[in-house]
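K.L.:
just the structure for this:
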Amino acid sequence: MVLRSVPASADIGSLRMWHVTLTVSGESQPIDHVRQALERLSHAHPFLLEARYGNDRAELRYWEEAEGMDAAVAIASAMWGANERSSRLPGWDVVGLKVLDRQTYLQHEPLRVLPPEGRIAPF
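P.N.:
Down below sits the predicted model:
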């Protein structure tokens, strides 16, 4: 299954930017396996701003493009599972999801300078 952030039929003018924080958790994995899987995900999908990880959980932060909150939530909640096989991600479950529109995110979160390829670091 290929995850599409922008449906083929969508009018580009109706799309909005959403900041997503996705938390996944599950059975403990070797830390190197988790880091390498997140690096593969980052290369396959350069939308990833930041990923923090441990042996049994990871938190991803990225921008998603969608028509509305419902679409952004649906895309974000399916992201891990949709990329699990291709990026060899751990078989973890989504345990947390935070989706903010661009304006709300910018009001509550300071913009940080991150490397162009994103940042992947342990908790």
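
K.L.:
drop to CA atoms for contacts and neighbour counts, all remaining ones
P.N.:
OK.

K.L.:
the chain: helices as residue ranges?
P.N.:
31-44, 69-83, 102-108 (DSSP state H).

K.L.:
and residue 58, which of these is closest to it?
P.N.:
Nearest to residue 58 among the helices of the chain is helix 31-44; the distance by CA to CA comes to 8.3 Å.

K.L.:
what helices or strands is the closest one leaning on?
P.N.:
In terms of contacts (3 or more CA pairs under 8 Å, 6 or more residues apart in numbering; DSSP states H and E), helix 31-44 is packed against strand 48-53, strand 119-122.

K.L.:
ok, back up a step: redo the helices of the chain as a markdown table? Include mean neighbour count, mean pLDDT and distance to residue 120.
P.N.:
Output for those, formatted as a markdown table (neighbours: other CA atoms under 10 Å; pLDDT from 0 to 100; distance: least, CA to CA, whole Å):
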| stretch | mean neighbour count | mean pLDDT | distance to residue 120 |
| --- | --- | --- | --- |
| helix 31-44 | 17 | 95 | 7 |
| helix 69-83 | 18 | 96 | 16 |
| helix 102-108 | 12 | 88 | 21 |
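
K.L.:
spit out the contact partners of residue 55.
P.N.:
The contact partners of residue 55, by CA atoms under 8 Å, 6 or more residues apart in numbering, come to 28, 29, 30, 31, 34.

K.L.:
ok, 10 Å please
P.N.:
Counting by CA atoms under 10 Å, 6 or more residues apart in numbering, residue 55 makes contact with 25-35, 90, 122-123.
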